[in-house]
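Trainee: here are the coordinates; sequence isn't available:
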């Protein structure tokens, strides 16, 4: 299951931009035992709060870790590429490995929950092309 903390180390495979944006569409909350874990879990970027990690600040890691993203998008606002999350799995593929029909069907299915920027200008596929 995709988690917010993945944004701490993911970068765009096309332009190497970091950090990326996470747009959750469907989430699932589960009970997680966080005893013995060192917080903050993320070292550079908190995807849950959408901010750089600040030394000494308390972070809601126990809350964040309970949320799994079943459906969503990871988005690079630099090169405008978007990567779908389906069934909890992030499909971060190069353009030549993507399937236009599948990507456009994903955009159509969730268009009411996806920002216009992606629907109209997202790469490699969008609903305007």
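Mentor: Perfect, thanks for sending it. Every value quoted in this text rests on a predicted model; they were computed, and no experiment measured them.
Trainee: Please make it C-alpha for all contacts and neighbour counts, starting now.
Mentor: OK.
Trainee: give me the element the residue of the chain most remote from its centre is part of.
Mentor: No residue in the chain sits farther from the centre than residue 36, which is 26.5 Å out by Cα atoms, centre = their mean. Residue 36 belongs to no helix or strand when assigned by DSSP states H and E.
Trainee: Quick check, pLDDT for it.
Mentor: Listed pLDDT for residue 36 reads 87.
Trainee: roughly how far apart are it and residue 62?
Mentor: 12 Å (Cα to Cα, to the nearest Å).
Trainee: Can you list the buried residues in stretch 19-35?
Mentor: 19-24, 27 (16 or more other Cα atoms under 10 Å).
Trainee: which one among those residues gets closest to residue 126?
Mentor: residue 23 (15.9 Å; Cα to Cα).
Trainee: Surely the closest one forms part of a helix?
Mentor: No: if the criterion is DSSP: H, G, I helix; E, B strand; the rest coil, then residue 23 is strand and not within a helix.
Trainee: quick one, phi psi at residue 6?
Mentor: For residue 6, the backbone dihedrals (degrees, to the nearest 10) come out as phi -60, psi -30.
Trainee: quick one: which two of the buried residues of stretch 19-35 are the most distant?
Mentor: 19 and 27 (20.7 Å).
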